[in-house]
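>>> Got a predicted structure here, sequence first:
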Amino acid sequence: MQFVLAALLFSSVSTFTAGFVPPSNTLRTNHLSGNTPIFVPKSRFRTSKLSMVKQTPHGGKLIDLILKTDEEKETAIAKATKSLLLNPRQLCDVELIMNGGFPPLTGFMDEETYKHVVENTELPSGVIFGLPVVFDTDDEDLQPGDIVLLKDGDRDIATVEFTDKFLPDKALECLKCYGTSPIEHPGA
């Protein structure tokens, strides 16, 4: 039986790096080295009025939950009462919440927010949000109020305080969010 846990407080204890892959329209061939692609900005001086307009982040503010100092990280780890090894999908969601990839979320959705997103494709605040972001787990030992150290192998990734535990309606989620009724959909 899969439970979903919601998090109110989310603190990252690690930083992540990813390889930079330039957009395909910025790759050029170096005439000196044959067909070796090199990164060259497409245009350095052309600007438009549209590019000069300041953009507002989705949800109104940028989110960055990554703790910067070792002291902050150690304090967050010390508060954890349990630890949990993340699967690849959970790790991806945790990383996206930490680095602001799911703005304006600062944690996993609770049951009320989950139901609202499934039914209305928006957060209760009215901000558009098409898919629920929840912490799916089979671990029945996790309870609301637990502060858990989330790990990827031996790496400490984040701490999270769970606030809610519920069974999601996967059939309704598949129908409303993915437009199909089989719960075997890979996103469910």
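Yep, it's here. Residues are numbered from 1 along each chain as shown.
>>> Give the helix, strand or coil label for residue 150.
strand (DSSP: H, G, I helix; E, B strand; the rest coil).
>>> which residues does it bridge with?
residue 84, residue 158 (DSSP bridges).
>>> now the strands: where do they sit in the protein?
Applying DSSP state E to the chain gives strands spanning 3-12, 27-29, 37-39, 82-85, 135-137, 147-152, 155-166.
>>> Which of those strands comes out lowest on mean pLDDT?
Looking over those, mean pLDDT reaches its minimum on strand 27-29, with a mean of 49.
>>> Pick out the residue nearest the middle of the protein.
residue 96 (2.5 Å; C-alpha atoms, centre = their mean).
>>> what separates it from residue 65, distance-wise?
Computed as C-beta to C-beta, to the nearest Å, the residue 96 to residue 65 distance reads 11 Å. Using the backbone N, CA and C atoms, a C-beta is placed for each residue, glycine as well.
>>> Let me know the pLDDT of residue 93.
For residue 93, pLDDT reads 97.
>>> I figured it hits residue 108, correct?
Yes: counting by C-beta atoms under 8 Å, residue 93 does reach residue 108; the two are 7.5 Å apart.
>>> who touches both of those two?
Contact with both residue 93 and residue 108 is made by residues 133, 135, according to C-beta atoms under 8 Å, 6 or more residues apart in numbering.
>>> that older thread, what sits against the residue nearest to the centre of the chain?
Contacts of residue 96 by C-beta under 8 Å, 6+ apart are 102, 133.
>>> Surely residue 123 touches residue 113?
Yes: using C-beta under 8 Å, residue 123 is in contact with residue 113, at 6.4 Å.
>>> which one of those two has more residues nearby?
It is residue 113, of residue 123 and residue 113, that has more neighbours when counted by other C-beta atoms under 10 Å, with 21 against 16.
>>> Roughly how far does the more buried one sit from residue 177?
From residue 113 over to residue 177 (counting by C-beta to C-beta), the distance is 14 Å.
>>> do the same with residue 116
Distance of residue 116 to residue 177, given as C-beta to C-beta: 12 Å.
>>> For the spatially closest residue to residue 129 that is not a sequence neighbour, give me its contacts.
Of all residues not flanking residue 129 in the chain, residue 123 sits nearest, at 4.9 Å (C-beta to C-beta, 6 or more residues apart in numbering). Taking C-beta under 8 Å, 6+ apart, we find residue 123 in contact with 104, 113, 116-117, 129.
>>> Closest one of those residues to residue 156?
Nearest to residue 156 out of the contacts of residue 123 is residue 104 (C-beta to C-beta; 25.3 Å).
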